[in-house]
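Chemist: Turn this into a structure:
(2 chains)
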Amino acid sequence: NAGVTQTPKFQVLKTGQSMTLQCAQDMNHNSMYWYRQDPGMGLRLIYYSASEGTTDKGEVPNGYNVSRLNKREFSLRLESAAPSQTSVYFCATSGGVSLYQETQYFGPGTRLLVL
Amino acid sequence: AQSVTQLDSHVSVSEGTPVLLRCNYSSSYSPSLFWYVQHPNKGLQLLLKYTSAATLVKGINGFEAEFKKSETSFHLTKPSAHMSDAAEYFCVVSDGGSYIPTFGRGTSLIVHP
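Modeler: Model (predicted):
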């Protein structure tokens, strides 16, 4: 089992370009999350999906959109990239219905540089 | 609202000596608390979690943490550090109020030979 996979691993964009970060899981988990990690800031939640067909904003949603394509896949889209979106992006999943007690399982991350 | 504070941004120890990584939290509900570890250029992995059962929680690789409600703390300890413990450690709080986990800013553990 691959667990949680993310593509691409690295990406360089110019300001104003768009791109989609892909996340897929084979753990049959209900909930999926997108975080960004910046130095000294920990991880901050961008969007999450508690179940297939639902999405909700997290702490820092501005400039991003998400799609829960099916139970396995959760994508993050940057419509017009800005240098402030330079970061490492992590996808995570959790399996239960009690969101606040569940262990999260993380992908390896996508490093994004916006010039 | 929930919040979490990791009291040290860096902790430096010698191999074989004890490790203490400090975490204080704030929550209006009964919280769940987690410690995750991140090795360089990797994703995060769960070390241990507290979800209102036993207050002393044992995790992987010899780590443990004690939930102290009176002190609003959830410090991570290990009796003897190993070189492979060098990593970034994150304390996380989550409760029934918001359901969204809040991460601390991280503590970098440095282990000297």
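Chemist: For chain B, what lies in contact range of chain A?
Modeler: Within chain B, the positions near chain A by C-beta under 8 Å from any C-beta of the partner chain are B:9, B:32, B:34, B:36, B:41-46, B:49, B:51, B:90, B:94-96, B:98-101, B:103-106. For glycine as for every other residue, the C-beta is placed from the backbone atoms N, C-alpha and C.
Chemist: of those, buried ones?
Modeler: Among the residues of chain B next to chain A, those classed as buried by neighbour count (16 or more other C-beta atoms under 10 Å in any protein chain shown) are B:32, B:34, B:36, B:43-46, B:49, B:51, B:90, B:94-95, B:98-101, B:103-106.
Chemist: Run the chain-centre distance for stretch B:46-53.
Modeler: 10 Å (C-alpha atoms, centre = their mean, to the nearest Å).
Chemist: oh sorry, the question was meant for stretch A:76-89
Modeler: The answer for stretch A:76-89 is 11 Å, by C-alpha atoms, centre = their mean.
Chemist: which residue is nearest the middle of chain B?
Modeler: Residue closest to the mean C-alpha point of chain B, counted by C-alpha atoms, centre = their mean, is B:Trp35 at 3.6 Å.
Chemist: beta partners of that one?
Modeler: Under DSSP bridges, the beta-bridge partners of B:Trp35 are B:Leu48, B:Cys91.
Chemist: That one and chain A, how far apart?
Modeler: Going from B:Trp35 to chain A by C-beta to the nearest C-beta, to the nearest Å gives 11 Å.
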